[in-house]
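Trainee: Next comes the sequence, and after it the predicted model I'd like to discuss.
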Amino acid sequence: MIDFTVWDIVRNLLDAAQWTIALSIVAFLGGGTVGFALLIGRLVGGRSGAALIGGYVQLFQGTPLLMQLFLAYFGLAMFGIDTSAWLAAALALTLYTSAFLTEIWRGCIAAVPRGQWEAAQSLALSFSEQLRYVILPQAIEVATPPTVGFLVQVIKGTALASVIGFIELTKAGTMITNATYQPFLVYGFVALFYFAMCFPLSVCARILERKLHAARH
Amino acid sequence: MPPAIEITALRKSFGDHEVLKGIDLAVQKGEVIAIVGKSGSGKSTLLRCINGLESFQSGRIVVDGDQTVESDPTALRNLRQHVGMIFQSFNLFPHLTAGRNIMLAPRLVKKKGPELAAEQAHALLTRVGLADKFDAMPHQLSGGQQQRVAIARALAMEPAILLCDEITSALDPELVGEVLRVVESLAVDGMTLLMVTHEMAFARRVSNRLIFMHQGRVHESGPSEELFTSPKTVELRQFLGMVN
């Protein structure tokens, strides 16, 4: 049996943490893009478009992320697509993130008073101009704290990708535990690493929220 | 000369509730019209139909000779360049300075250059008595000042017609005067004005024609002075507080 020093454990976890960060970034950028497209679809798609996207949101909010990962991993394979754990995890987390973000952002758009739309309309601005120059600047201000807050959920959510064999922080922790028989030490470090990623974001979200609150009063 | 606004047989319902029950109205260029009536009589809805903020079930509205109010977005955009609107709640864009509020639409819609748009905004702010507020944010301004910026913002699109929807109703009493003075100066300059108002003294002094709306119809209309001194219908007499 190979002897693991604490440094060996930390070094291996650090390597794996990079994949946690990479997966989080992909999920967030992908989910943000899809979520924004869905948001626009909801605004311009009429009643049927809104219902369709509402259903999509409910589907992802109403099922465990773990099931979504399983379905992405085994589902893609069923359709003959040669899938890796990385691809399946990125896909599932992107869709999951898009559903939550589009819902958060929809609420932020709804928080902009109707009169703002009407004033922009009465000045002959087109729909995209109304959105870009009048509504979004106001909505983004409201949306920033909950969006940053949700990023924390996404980072923690990536841990579930370990069950389909994607080697990120949690999976690496399990593998090292199996080799060292020191679960408390290893998982302690794993938890610390997650904390080190999430805590600054939580602080950031709180500061943004306070700033927003101050600006409004 | 075609009328500034020609409304024929306009009907509008919210669900089962019919708010406008067949409105016919022609507004000539340069006319100043005050629309009065109890709340729920359909006066704000009528105003909002004219620039397409509300859709309607049947009837026809033609603005400035050839612009028909319809649901096509491009047609609506064209129409709205001819019709300015001022709201009860000002609706200034809170993230933009007073100057930028005024410049936004001319820059985007009329493709005006930044210098020209800024020059125009300065001139308009001077016209509404706020020459020094170009860089002020809306929340730094009083209600009366905000409403005057909103008027300048509507004027920046050089509309043929201006719609005013209870523009002093949200103001503290001491701020009403400054806004009404601006509107009066517009009337004197020959702007076509259609205003829903509760300021009876102002309506009487400034408007050429008074329209009294009652239960979704134009119940009585005519020269303001005449209607104020000798209203023909019982309802208008009641509304003006002549009988109790």
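Mentor: Good, I have the coordinates. Residues are numbered from 1 along each chain as shown, chains lettered A, B, ... in the order given.
Trainee: Hmm, residue B:92 is touching residue B:100, no?
Mentor: No: here residue B:92 does not reach residue B:100: they are 10.2 Å apart, not a contact under C-beta atoms under 8 Å. Quick note: C-beta positions are derived from backbone N, CA and C, even for glycine.
Trainee: what about these two, which has more around it?
Mentor: Neighbour totals were compared for residue B:92 and residue B:100, and residue B:92 leads with 25 against 19 (other C-beta atoms under 10 Å in any protein chain shown).
Trainee: OK, contacts around the residue nearest the centre of chain B?
Mentor: Taking C-alpha atoms, centre = their mean, the centroid of chain B lies closest to residue B:163, which sits 1.7 Å from it. By C-beta atoms under 8 Å, 6 or more residues apart in numbering or on different chains, residue B:163 lies in contact with B:47, B:50, B:51, B:83, B:84, B:85, B:86, B:194, B:195.
Trainee: wait, the second one sits on residue B:63?
Mentor: In other words, residue B:50. Yes: at 6.8 Å, residue B:50 counts as touching residue B:63 under the criterion of C-beta under 8 Å.
Trainee: and these two? which has more neighbours close in?
Mentor: Taking other C-beta under 10 Å, residue B:50 and residue B:63 do not tie; residue B:63 has more neighbours (26 against 22).
Trainee: My read is that residue A:198 contacts residue A:152, right?
Mentor: Yes: with contact defined as C-beta under 8 Å, residue A:198 counts as touching residue A:152 (4.7 Å).
Trainee: Lowest-scoring secondary structure element of chain A by mean pLDDT?
Mentor: Scoring the helices and strands of chain A by mean pLDDT, DSSP states H and E places helix A:183-216 at the bottom, with a mean of 88.
Trainee: If we look just around chain B, which residues of chain A are in range?
Mentor: A:113, A:115-116, A:118-127, A:129, A:133-134, A:137-138, A:141 (C-beta under 8 Å from any C-beta of the partner chain).
Trainee: Would you mind checking these for buried ones?
Mentor: Those of the residues of chain A next to chain B that meet the buried threshold are A:116, A:118-127, A:129, A:133-134, A:138, A:141, by 16 or more other C-beta atoms under 10 Å in any protein chain shown.
Trainee: from these, which two are the most distant?
Mentor: A:124 and A:141 (25.3 Å; C-beta to C-beta).
Trainee: all helices for chain B, in order.
Mentor: In chain B, the segments counted as helices under DSSP state H are B:43-50, B:73-80, B:98-108, B:114-127, B:143-155, B:173-188, B:200-206, B:224-229, B:234-239.
Trainee: overlap in contacts of residue B:92 and residue B:100?
Mentor: When C-beta under 8 Å, 6+ apart defines a contact, no residue borders residue B:92 and residue B:100 alike.
Trainee: which residues sit against the lowest-mean-pLDDT helix or strand in chain B?
Mentor: Sorted by mean pLDDT, DSSP H and E, the helices and strands of chain B end with strand B:67-68, the least confident at a mean of 76. Here strand B:67-68 makes contact (C-beta under 8 Å, 6+ apart) with B:60, B:61, B:62, B:75, B:78, B:79, B:82.
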